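Novice: no sequence for this one, just the structure:
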């Protein structure tokens, strides 16, 4: 019976392969996850065994995606578990501040080594005329996400917003929980850890929302983001001067939609998969392109990061600069978003992208009174026309800033804008529609559905909740089948895996 089992093939499937990492939506993930889920529900009579099995699969998932760096995520959990205990026992004196400082130094130090050591060496060489050799460093997948999750735990203990977690294995599960380890959302320890204390019932409502989110995530990532990326966006960004200004502008719009569908698609799947275990992760997106200002955009985009930065970076800076009043707030915003850009990656493009967002919000803050008077005089305040114009302007500020996020260098971004300004050629738009019909249709549908009323998603969720279990399973199976037919044969990692 067992003689026909291909043991070398099974071992190959279970071993790390840098050219075939385990990603949501791949056939290997679906196969392994189905087996894991089956065993998980078989163990439902013993909750501790369920959690243990969830830890095993979470660490295995990270190992399949990042190899030996699974030891780093375990080490991160051990170190921060001990720091949490130390801070809690340190009382209110200087030792408490010392223990917090050490924990921050260790976490940021590890993150800085992997993500910024070579950036520092390159920058010194460029500006100082030195010739230091770059280090042979591979950036572990998701290191920024699980480092910030760990720091959130440390800060909340320090500010007495939560008690330390006394079960190391439950804390390890928080740090390594596979749905959100590599691309978020950056969940709060004080929200996630209490959910581990007892089984959470998986109601029909929870299951309906899980099916909806997983289906939406698969479609966003594999049917929209990957398609427009491979068939148009990447071509323009790789050689922008070969394309007209119209094509460059459409590629910018395309990348703005692509990164949203890619990142929010991952988040949808992460939240949906978590619901299958009864765990609720924080929401990470809320129709960001409907924002009427850049500040509102950040209340809708990557919410787990923006609220993290607000709670643990902006507010302390704001308190430090409170004597400067409005100017101090603007300075705190600038510092926060330059560091936000640096969090995303160690290039000047990311830093400048963060600077632009900080500048947009600071400028808006400093001119708030002038704008309010202008809108009142012109009777535009609180009108639909003003709201529409603000949304259009905000979208273009966000989209143009993303050029620096995507481009390999600042000069390359300048080339794209030069094409748009000097070589626009509006007639090419008709040729684009004819030559890239699939891309045009998907981009149009992507933006169309994004700007539909929020109530439509809620209605779809209600319909799924009311539907029988068999129909839920059939809908998910049909979505998986559809995605399998349209997705690219080439592996397209999630954009935020690099962060």
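Specialist: The structure has been received and is ready for your questions. Predicted, not measured: the structure shown is a model, and the values here were computed from it. Residues are numbered from 1 along each chain as shown.

Novice: how is the protein divided into domains?
Specialist: Domains of the chain are assigned by automatic domain parsing as 12-196, 204-498.

Novice: got the end-to-end distance for the longest one?
Specialist: Between the opening and closing residues of domain 204-498 we find a distance of 36 Å, counting by CA to CA, to the nearest Å.

Novice: same question for that domain, mean pLDDT?
Specialist: Averaging pLDDT along domain 204-498 gives 92.

Novice: what about the residue lying closest to residue 177 once chain neighbours are set aside, distance to residue 276?
Specialist: Nearest non-adjacent residue to residue 177, counting by CB to CB, 6 or more residues apart in numbering: residue 58, 5.6 Å away. C-beta coordinates here come from the backbone N, C-alpha and C atoms, glycine included. Using CB to CB, to the nearest Å, we find residue 58 at a distance of 14 Å from residue 276.

Novice: so the two - more neighbours on which side?
Specialist: residue 58 (22 against 18; other CB atoms under 10 Å).

Novice: contact partners for that one?
Specialist: 173, 176-178, 181 (CB atoms under 8 Å, 6 or more residues apart in numbering).

Novice: you'd agree residue 250 is up against residue 431?
Specialist: No: if you go by CB atoms under 8 Å, residue 250 and residue 431 don't touch, sitting 11.2 Å apart.

Novice: would you mind telling me which of those two has more residues around it?
Specialist: The residue with more neighbours, out of residue 250 and residue 431, is residue 250; 24 against 13, by other CB under 10 Å.

Novice: run a quick neighbour tally on the spatially closest residue to the more buried one that is not a sequence neighbour.
Specialist: Leaving aside its sequence neighbours, residue 250 sits nearest to residue 432 (CB to CB, 6+ apart; 6.1 Å). Neighbours of residue 432 under the rule other CB under 10 Å: 17.

Novice: also the one 4 residues further on?
Specialist: A count of nearby residues for residue 436, using other CB under 10 Å, gives 19.

Novice: for the nearest residue to it once chain neighbours are set aside, list the residues it contacts.
Specialist: Leaving aside its chain neighbours, residue 436 sits nearest to residue 232 (5.5 Å; criterion: CB to CB, 6+ apart). Going by CB under 8 Å, 6+ apart, residue 232 touches 250-251, 254, 436, 439.

Novice: which among those gets closest to residue 124?
Specialist: Of all these, the one sitting nearest residue 124 is residue 251; the distance, using CB to CB, is 33.9 Å.

Novice: wait, the closest one sits on residue 238?
Specialist: No: assessed by CB under 8 Å, residue 251 is found out of contact with residue 238, at 10.1 Å.

Novice: the nearest residue to residue 70 once chain neighbours are set aside: neighbour count?
Specialist: Excluding the flanking residues, the one nearest residue 70 by CB to CB, 6+ apart is residue 63, at 4.2 Å. Residues near residue 63, counting by other CB under 10 Å, number 18.

Novice: do the same with residue 211
Specialist: 24.

Novice: beyond the host helix or strand of it, next helix or strand please.
Specialist: Applying DSSP states H and E as the criterion places residue 211 in helix 204-218. The C-terminal neighbour of helix 204-218 among helices and strands, as given by DSSP H and E, is helix 226-228.

Novice: what's that next one packed up against?
Specialist: Helix 226-228 sits against helix 245-275, helix 437-450, with contacts defined as 3 or more CB pairs under 8 Å, 6 or more residues apart in numbering; DSSP states H and E.

Novice: how far off centre is that helix?
Specialist: Distance of helix 226-228 from its chain centroid, counting by CA atoms, centre = their mean, to the nearest Å, is 18 Å.

Novice: how near is the residue nearest to residue 436 to residue 242?
Specialist: Distance from residue 232 to residue 242, by CB to CB: 13 Å.

Novice: again with residue 460
Specialist: 41 Å.

Novice: higher neighbour count, the two?
Specialist: residue 460 (14 against 10).

Novice: any idea how far residue 439 lies from residue 232?
Specialist: Applying CB to CB to residue 439 and residue 232 gives a distance of 4 Å.

Novice: any shared contact partners between the two?
Specialist: Contacts common to residue 439 and residue 232, judged by CB under 8 Å, 6+ apart, are residue 254.

Novice: is residue 187 in contact with residue 149, as I believe?
Specialist: Yes: counting by CB under 8 Å, residue 187 touches residue 149, with 6.6 Å between them.

Novice: what sits in contact with each of the two?
Specialist: residue 174.

Novice: residue 220 and residue 261 touch, don't they?
Specialist: Yes: counting by CB under 8 Å, residue 220 sits close enough to residue 261 to count as a contact (4.0 Å).

Novice: with neighbour numbers in mind, choose between these two.
Specialist: Taking other CB under 10 Å, residue 220 and residue 261 do not tie; residue 261 has more neighbours (28 against 25).

Novice: skipping adjacent residues, who's closest to residue 270 in space?
Specialist: residue 179 (4.0 Å).

Novice: regarding that neighbour, what is its secondary structure?
Specialist: At residue 179, secondary structure determined by DSSP: H, G, I helix; E, B strand; the rest coil is coil.

Novice: what does the one 4 residues further on give?
Specialist: Reducing the assignment at residue 183 to three states with three-state DSSP gives coil.

Novice: tell me the contacts of it?
Specialist: 142, 145, 263, 266-267, 270, 494, 496-497, 499 are the contacts of residue 183 under CB under 8 Å, 6+ apart.

Novice: again, but for residue 100
Specialist: Taking CB under 8 Å, 6+ apart, one finds 87, 154-155, 158 in contact with residue 100.

Novice: same check, this time on residue 393
Specialist: With CB under 8 Å, 6+ apart, residue 393 has no contacts at all.

Novice: name the SS class of it, please.
Specialist: Per three-state DSSP, residue 393 ends up helix.

Novice: where's it relative to residue 183, distance?
Specialist: 29 Å.

Novice: what lies in contact with stretch 482-499?
Specialist: Taking CB under 8 Å, 6+ apart as the rule, stretch 482-499 contacts 20-21, 23-27, 139, 141-142, 144-145, 182-184, 218-219, 221-223, 225-227, 229-230, 258-259, 262-263, 265-266, 343-345.

Novice: of residue 251 and residue 238, who's got more company?
Specialist: Neighbour count, other CB under 10 Å: between residue 251 and residue 238, residue 251 has more, with 25 against 10.

Novice: ok, back up a step: could you work out the most separated pair of the contacts of residue 183?
Specialist: 270 and 499 (14.8 Å).

Novice: compare the two (neighbour count), which wins?
Specialist: A count of neighbours by other CB under 10 Å puts residue 270 above the other of residue 270 and residue 499, at 26 against 21.

Novice: picking that back up, now, of the contacts of stretch 482-499, which are buried?
Specialist: 21, 23-26, 139, 141-142, 144-145, 182-184, 218-219, 221-223, 225-227, 229, 258-259, 262-263, 265-266, 343-345 (16 or more other CB atoms under 10 Å).

Novice: which strands and helices lie in contact with the one helix or strand residue 365 maps to?
Specialist: Using DSSP H and E, residue 365 falls within helix 348-366. When contacts are defined as 3+ CB pairs under 8 Å, 6+ apart, helix 348-366 packs onto helix 294-300, helix 325-344, helix 384-406, helix 410-422.

Novice: looking at those, which is nearest to residue 36?
Specialist: Closest among those, using CB to CB: helix 325-344, at 31.2 Å.
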